[in-house]
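Following is a predicted model, sequence given first.
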Number of protein chains: 2
Amino acid sequence: MILNKTTEYALTVLGFMATRNDNMYSAEYLHQQLNIPRRYLRSLLTDLSKHGFLKSSSGRNGGFVFAQELKEINLALVINKLEGIDAICNCILGFSCCIVDKPCIMHEPWMEARSKMIETLTNTTFADLKEKYQMDLLKNLKLI
Amino acid sequence: MILNKTTEYALTVLGFMATRNDNMYSAEYLHQQLNIPRRYLRSLLTDLSKHGFLKSSSGRNGGFVFAQELKEINLALVINKLEGIDAICNCILGFSCCIVDKPCIMHEPWMEARSKMIETLTNTTFADLKEKYQMDLLKNLKLI
DNA sequence: ATATATTACTATCTTTTTATAGTATTTAAT
DNA sequence: ATTAAATACTATAAAAAGATAGTAATATAT
């Protein structure tokens, strides 16, 4: 009923990068900002690059940038790449009876719950998150 | 984005018990029917008893029975007891900024997705599953 | 009373996930 | 060219989750 740590980290990093206005972030900087274990974060960033969400540049002043438009990347896409929304057995039950013709009793409510969640995650892009973040910033400025 | 194995096993067992018409099931029998590892299933059944979903009787002819009315137990309750829907950090992000006053950017979409799912799971009781199962049985009988 | 079928408890093993370490490679500033 | 700041690769360690094993306790049928 939860995301695993790796996925959480990924969403955290991408969310952070999407909402700030720099375009290039070093692993070291992200580590310091987000408290994600340094080495683990590095390999995660490499993975995110391999998955096509980011692109990396090596060497001095290197780092990671989004490889796609923010509006093209939604939460479900990221989760799917990292832990596989689909890879997982579609049915919550291992009942062998749960096949297309004759789904198991748990099939329907689970599919319903699951698809609603996926729908929301699919409809939320990092562009949406950025917009929301900017709005929040504005609101806070007004308060001061 | 998934349930862990233990929770899946629990739902499988309870679903099986709820839809059949016997009231007492031995761990051994359930193991044979459901292919859940024998020993692991036993301790899971013990846990489910401790959580109050089942009650156990030792000795010859012993086994496990529901300790509550089927309509009193819904999917969310079981998941919650086993892996904690609530225990988990409410926010998908570890951002320290994500507190009641100032939730993080991911907070809203995640909460929305999550609460829709929980709603469906909460609205599905084992009595519902039993009913559905009986209906399905009837349909199949007609076909023959 | 005894034997048998069952759950209960505690410890250990295995697998997966998460985290770390060392070294190599890349690239820009100097 | 050299140095420094960065990513990339591979291997290993630690922690958590899943699974197994042995033995004790319980209770019913006979």
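Nice, thanks for sending it over. Numbers count the residues shown, from 1 in each chain, chains lettered A, B, ... in the order given.

Which residue would be the closest one in chain A to DNA strand C?
A:Gly59 (1.9 Å; CB to the nearest atom of the strand). Glycine gets a C-beta too; all of them are placed from N, C-alpha and C.

so how many other residues sit close to that residue?
6 (other CB atoms under 10 Å in any protein chain shown).

Residues of chain A that sit close to DNA strand C?
Contact residues (CB under 7 Å from any atom of the strand) of chain A with DNA strand C: A:4-6, A:9, A:37-40, A:43, A:57-62.

can you map out the strands along chain A?
A:54-57, A:63-66 (DSSP state E).

Can you select the buried ones from the residues of chain A next to DNA strand C in PyMOL?
Buried residues among the residues of chain A next to DNA strand C (16 or more other CB atoms under 10 Å in any protein chain shown), as a PyMOL selection:
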select buried, chain A and resi 9
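
Which members of the residues of chain A next to DNA strand C define the maximum pairwise distance?
Spatial extent of those (CB to CB) is set by the pair A:Asn4 and A:Arg60 at 33.8 Å.

got the contact list for the nearest residue to A:Gln134 once chain neighbours are set aside?
Once flanking residues are discounted, A:Gln134 sits nearest to A:Thr19: 7.7 Å by CB to CB, 6 or more residues apart in numbering or on different chains. Under the criterion of CB atoms under 8 Å, 6 or more residues apart in numbering or on different chains, the neighbours of A:Thr19 are A:Leu129, A:Lys130, A:Tyr133, A:Gln134, B:Ile105.

Also A:Glu69?
Contact analysis of A:Glu69 by CB under 8 Å, 6+ apart lists A:Ala127.

follow-up on the earlier one: could you check how far the residue of chain A closest to DNA strand C is from chain B?
30 Å (CB to the nearest CB, to the nearest Å).

low-scoring pLDDT stretches of chain A, where are they?
For chain A, residues meeting the criterion pLDDT under 70 lie at A:1-2, A:84-105, A:142-144.

Which parts of it are helices?
Using DSSP state H, the helices of chain A run over A:5-19, A:27-34, A:38-50, A:75-83, A:107-123, A:126-143.

for these, which one sits closest to B:Leu14?
Across those, closest to B:Leu14 is helix A:107-123 (CB to CB), at 13.2 Å.

Tell me the helices and strands packed up against the closest one.
Using 3 or more CB pairs under 8 Å, 6 or more residues apart in numbering or on different chains; DSSP states H and E, the elements in contact with helix A:107-123 are helix A:75-83, helix B:107-123, helix B:126-143.
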